[in-house]
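Enquirer: Quick one, structure for this:
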Amino acid sequence: MLKNLVYFGSPDFSAQILESIIGMKMVNVVGVVTTPDMPLGRKQILTPSSVSLTAQKHDLPIYKPAKLDDTNLTHVKLLKPDIFMVVSYGKIIPLTWINAPTIGIYNVHFSLLPGYRGALCISEAIKNQDTNTGVTLMEMDEQLDHGPIISQISVAIDLEDNVATLTTKLTQAAKEILRQKLPEICAQNYSKTVQDESLATFTPSHRTVSRESAFIPWEILSQALSTNNQELITKTHALIRSLNPEPGAWTCLPAGTAKIDNLEIKIIKTSLLSGKLIVNTVQISGKNPISWKQFLSGHPISGLK
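Expert: Next up is the predicted model:
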C-alpha cells in the first residue's frame, strides 16, 4: 500500500518536482501546503503559487495557511500523512507540524549542506565563484537546514550559468535524488549522516534581495570591462550572473558618460572571452533587450566597444 505524502512548496521549480513525484507513483500525494495567493504585476492581481496550480491540475486538496498553527494542522492531519516533503515552501515549519507525519518530514535543499544553509543558496554559490553545488535530501528538524543528511548529488556550475540555468540543473538532480530515495523513505530503511556544524555556512535572507541590492556602480563595471585584472573580471561576471534573471543586475551611466544623463540599463548577460569581460545583452527600461553593440551604436561611450 502506497504511503500518503503531503507536499510543501511554492515556486515553479518546486511545482516541477511535485509533478515528478506524482508521475513516479511511488507514493500517494494526498495534498499540498503552499503559500497564500500573492498580488503580482502592475494591477496587483492575486495569483496562486505554481505548486498550487499543479495541485489544482491533479485535483489535489490545497492548503494556503497564512500561519502554520494547530488549527490548520488539524485540517492537514485529516489527510492521514505518512510523509511531509518540503521543497522551497517559504515558511518556517514549527515542531508540532514536524512531528505530525507518521514516518517523518523531509526537505530537498539546493546546496551541498552544511554549506549554504538558507534561502539564497543558488545565487550565493554563483557569486562566490564556486565550481560546483548540489542537492541535499535531509530529515528536517527545528533548526534551519540542520537535520541529518540522507543523500546528496553534486552539480557543476558553468561559467555561463545564472540563477535560472543553475536552478534548472538542480531541479533535475532533485527529481533524481527523490527517484532513488523515496522508496527507502517509505520503507523507513535508509542511512543518514549528522551534519558537521564546523563546516556550516549561511546565506543572507530573501529580504535582502531587492532592485537596490542588484545595483552595480558604473565605475566598477567600466573598470571590469577595460582591465586585465582577472580577479575583478571574474568577480564582476559572477556577481552579474548571481543577480540574474531576478532581481536583475543593473547600472546607471553617470552624467556625461552617454547621450542621456543618468541612463539606467539592465545587464542581462555577460560572458568571458580570452580573459576579458564581455557584455552580451542589455535592456533599457521599457524597451526590448538588445545586444551591447546595438546599445553602443545608439549610446556611444568613450573607450568602450
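
Enquirer: contacting residues around Met138?
Expert: By Cβ atoms under 8 Å, 6 or more residues apart in numbering, the residues touching Met138 are 106-107, 109, 113, 145, 147-150, 192. Glycine gets a C-beta too; all of them are placed from N, C-alpha and C.

Enquirer: The nearest residue to Lys3 once chain neighbours are set aside and Arg179, how far apart?
Expert: Spatial nearest neighbour of Lys3, excluding adjacent residues (Cβ to Cβ, 6 or more residues apart in numbering): Asp82 at 4.0 Å. According to Cβ to Cβ, to the nearest Å, Asp82 and Arg179 sit 18 Å apart.

Enquirer: higher neighbour count, those two?
Expert: Between Asp82 and Arg179, counted using other Cβ atoms under 10 Å, Asp82 has the larger neighbour count: 20 against 14.

Enquirer: need the longest helix for the chain.
Expert: When the chain is parsed with DSSP state H, its longest helix is helix 163-186.

Enquirer: Past that one, which element shows up next along the chain?
Expert: The C-terminal neighbour of helix 163-186 among helices and strands, as given by DSSP states H and E, is helix 218-226.

Enquirer: Next secondary structure after that following helix?
Expert: Next along the chain from helix 218-226, counting by DSSP H and E, comes helix 230-242.

Enquirer: can you list the residues that contact that next one?
Expert: 123-124, 126-129, 159-163, 216, 220-221, 223-224, 227, 249, 267, 270-272, 275-277.

Enquirer: swap the cut-off to 6 Å and go again
Expert: By Cβ atoms under 6 Å, 6 or more residues apart in numbering, the list of residues contacting helix 230-242 from outside reads 123, 126-127, 129, 162, 224, 249, 267, 270, 272, 277.

Enquirer: likewise stretch 122-130?
Expert: 110, 116, 133, 157, 163, 166-167, 203, 238-239, 241-242.

Enquirer: what's the closest of these to Lys67?
Expert: Thr203 (24.5 Å; Cβ to Cβ).

Enquirer: For that closest one, give me phi and psi.
Expert: With angles defined as degrees, to the nearest 10, Thr203 sits at phi -100, psi 160.

Enquirer: what's near enough to touch it?
Expert: 116, 118, 120-121, 124.

Enquirer: roughly how far apart are it and Ser242?
Expert: Taking Cβ to Cβ as the measure, Thr203 falls 11 Å from Ser242.

Enquirer: One more: Gln294?
Expert: To Ser242, Gln294 is 25 Å away according to Cβ to Cβ.

Enquirer: okay, those two: which has more neighbours?
Expert: For Gln294 versus Ser242, the count of surrounding residues by other Cβ under 10 Å is larger for Ser242: 22 against 12.
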